[in-house]
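Enquirer: Sharing a sequence plus its predicted fold:
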Amino acid sequence: MFDEKKILVSIYCKIFNDSFSDEMIKRMVGGKEIYDFLMKDAGLSLDENGRLIPGDCNLWYLGCNDMFGCLRYNDCKLKWGTGESSFAIVEAFVTLIHINGVFTQEQYEALMEKCKEGRLFDNVFDIPKYLKAKQEGNPWVKTKEACEFRLKAKQFASRVSNHLEEEGFLFVDPGLRW
């Protein structure tokens, strides 16, 4: 039987109106709990009529959101800012946990497959369209927006920051030591 080793994790990203689950922030959990959380439906994909589309796993929102997020495993923190999300970050997190014997080989492979599937659409705003195409058996073609949305998010954040600075607001680097 696989020994259920407990580790400290934080799994979070900012999406929409802060609707990503906060149930995995600063938690001591085993591999099964982490795996179940990453694979669990986030329940955030809606069709054009506002009906829930099942299948939008939490892992996908981590890999292709337009805001910021953090994946923490004990003292190792993988974080990203606006427009910097990536399935490579999620894969690094999953691989680190697996190398340390927390995930089974089957869990690891399933999570890596979900990352691979997420790369097919690679845009948080395309998840509902991807799931609908998948349900209907239609082929999926990555949208033009998937290639541009991260850059657009960075440009928007930069414009807001520049405007606030022009209005006299002062931004302080939180990493700055006085």
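Expert: It's in.
Enquirer: now the strands for the protein?
Expert: Under the criterion DSSP state E, the chain carries strands at the ranges 7-13, 27-29, 69-73, 76-80.
Enquirer: Now for the residue sitting nearest the centre point of the chain: which residues touch it?
Expert: The residue lying closest to the centre of the chain (CA atoms, centre = their mean) is residue 62, at 0.3 Å. Each residue near residue 62 by CB atoms under 8 Å, 6 or more residues apart in numbering is listed here: 11, 13, 38, 69, 71, 85, 89-90. No exception for glycine: its C-beta is placed from N, CA and C like everyone else's.
Enquirer: And these, which is the shakiest by pLDDT?
Expert: For the contacts of residue 62, the weakest pLDDT value sits at residue 85, with 92.
Enquirer: coming back round to it: quick check: the two most widely separated of the contacts of residue 62?
Expert: Across the contacts of residue 62, the longest distance by CB to CB is 14.8 Å; it joins 38 and 85.
Enquirer: quick one: which of the two has more around it?
Expert: residue 85 (28 against 23; other CB atoms under 10 Å).
Enquirer: Give the full set of residues in contact with the residue lying closest to that one once chain neighbours are set aside.
Expert: Leaving aside its sequence neighbours, residue 85 sits nearest to residue 65 (CB to CB, 6 or more residues apart in numbering; 4.8 Å). Applying CB under 8 Å, 6+ apart, we find residue 65 in contact with 13-15, 20, 85, 124.
Enquirer: Serialize those residues to JSON lines and add fields for distance to residue 47.
Expert: Output for the contacts of residue 65, formatted as JSON lines (distance: CB to CB, whole Å):
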{"residue": "13", "distance to residue 47": "23"}
{"residue": "14", "distance to residue 47": "24"}
{"residue": "15", "distance to residue 47": "18"}
{"residue": "20", "distance to residue 47": "20"}
{"residue": "85", "distance to residue 47": "24"}
{"residue": "124", "distance to residue 47": "16"}
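Enquirer: farthest pair in the residues you listed?
Expert: Farthest pair in the contacts of residue 65, by CB to CB: 20 and 85, 11.8 Å.
Enquirer: shared neighbours of these two, anything?
Expert: Common neighbours of residue 20 and residue 85 (CB under 8 Å, 6+ apart) are 13, 65.
Enquirer: pLDDT wise, what is the residue nearest to the centre of the chain at?
Expert: 98.
Enquirer: Would you mind measuring from it to residue 138?
Expert: If you measure residue 62 against residue 138 using CB to CB, to the nearest Å, the figure is 26 Å.
Enquirer: could you dump the strands of the chain to TSV with distance to residue 103?
Expert: Listed next are the strands of the chain as TSV, based on distance: least, CB to CB, whole Å:
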stretch	distance to residue 103
strand 7-13	11
strand 27-29	12
strand 69-73	11
strand 76-80	15
